[in-house]
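**Student:** Next comes the sequence, and after it the predicted model I'd like to discuss.
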Amino acid sequence: MRCLVCDSVETKPYLSLKTHQYSKCFQCGCAFQTQISTTNQVDFHKGPKYKLGRLLAESQDIALYTWQIELMKRYSPKGKILEVGCSSGFFLKTASKAGYEVLGIDLGDENVIFGQYFLGVTILNRDFLQLDNSVQFDWIVMNQLIEHVTDPRAFIRKARSLLNPNGHFLITTPNLICAERLVKWPRWFGLRPIIIDAFVHPNHCVLFRPDTLKKILTQEGFVNVKTGYNPTGFVSGDRHKIRRLIAKFIVRYAPEMNGPNFYAVAKKL
């Protein structure tokens with residue numbers, strides 16, 4: 001089985017669930033689904049059930065987006081942002097209030113309509129990989145997106161092609177280190193494994209370790225790559241009880257990389 005990230009055949013079966021299976025790559029360290037198609041991914045993410053779920057979840061994440069904007073200001077306090085997979089546009093609205101010029105891209109006209117009429121932001125119903133490179137940005141942002149695509153390197157390369165010189169790339173994604181620990185720890189004590197949504201979500205194609213994503217970004221021409229804990233479920237209104245407990249009682253007193261989600265910020269020269 002070839003790895004979805006590095007195309008290596010040095011892989012082995014890793015985790016089997018009822019609806020899908022993961023393999024582990026020895027070359028790059030990621031975990032990836034063994035049977036998933038781009039067509040199925042697109043159809044799922046264009047569906048009304050998924051879109052409504054994201055709308056409800058993101059409407060509660062304003063505190064998280066404010067935190068992310070403060071992080072971005074440390075690198076570049078102004079400029080033009082393109083958010084890829086922007087969904088309903090709540091991050092864009094938060095960034096716009098902070099003084100950034102914003103544009104979003106996602107699949108489906110529902111996002112375009114909601115963003116325009118309810119949030120006052122512009123969203124394009126386009127295929128990101130087909131976007132015209134003549135328009136350049138100071139920031140490309142992918143919030144909880146990279147794990148949903150079957151060719152993450154293609155998305156990373158496209159992001160770099162759309163960035164101005166010295167532009168920045170922000171990715172947030174589930175943390176494979178945390179997900180693996182939550183699977184293994186209960187087994188050590190003879191308990192039933194706890195599988196958090198990083199693995200359970202049937203449309204998570206690839207799960208990354210922070211060091212894995214950092215290595216890939218460097219290989220694709222980015223520099224000054226920094227990673228850290230992205231506090232999804234802690235500063236936001238996330239109602240997922242397990243995630244809230246992890247964030248409140250474990251992550252706060254442990255190294256940043258133990259968190260259920262992490263961010264990576266990289267610069268294009």
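**Tutor:** Sure thing, it's come through.

**Student:** residue contacts, Asn133?
**Tutor:** Asn133 is in contact with 161-162, counting by Cβ atoms under 8 Å, 6 or more residues apart in numbering. (Each C-beta comes from the backbone N, C-alpha and C, glycine too.)

**Student:** element containing Met72?
**Tutor:** Per DSSP states H and E, Met72 falls inside helix 62-73.

**Student:** So which other helices or strands are in contact with the helix or strand that comes right after that helix?
**Tutor:** Using DSSP H and E, the helix or strand that follows helix 62-73 in sequence is strand 80-84. Using 3 or more Cβ pairs under 8 Å, 6 or more residues apart in numbering; DSSP states H and E as the contact test, the elements touching strand 80-84 are helix 90-97, strand 101-106, strand 137-143.

**Student:** about what we covered before: show me what the helix holding Met72 packs onto, helices and strands only.
**Tutor:** Counting contacts by 3+ Cβ pairs under 8 Å, 6+ apart, helix 62-73 is packed against helix 90-97, strand 163-174, strand 261-268.

**Student:** and if we set it to 10 Å?
**Tutor:** The elements that helix 62-73 packs onto, with contact taken as 3 or more Cβ pairs under 10 Å, 6 or more residues apart in numbering; DSSP states H and E, are helix 90-97, strand 137-143, strand 163-174, strand 261-268.

**Student:** the inter-axis angle of it versus strand 137-143?
**Tutor:** Between helix 62-73 and strand 137-143, the angle comes out at 140 degrees (axes from the mean of the first three to the mean of the last three Cα atoms, to 10 degrees).

**Student:** Only the buried residues of helix 62-73, if you could.
**Tutor:** By neighbour count on 16 or more other Cβ atoms under 10 Å, the buried set for helix 62-73 is 62, 64-69, 71-72.

**Student:** Please enumerate residues in contact with the host helix or strand of Ala198?
**Tutor:** Ala198 belongs to helix 197-200 when assigned by DSSP H and E. Contacts with helix 197-200, where a contact means Cβ atoms under 10 Å, 6 or more residues apart in numbering, come from 14-15, 17-20, 22, 31, 33, 147, 173-176, 178-180, 182-183, 193, 204, 207, 240, 242-243, 260-261.

**Student:** and with 6 Å instead?
**Tutor:** Contacts with helix 197-200, where a contact means Cβ atoms under 6 Å, 6 or more residues apart in numbering, come from 174, 179, 207.

**Student:** And for Gln219, the neighbour number?
**Tutor:** When neighbours are counted by other Cβ atoms under 10 Å, Gln219 registers 12.
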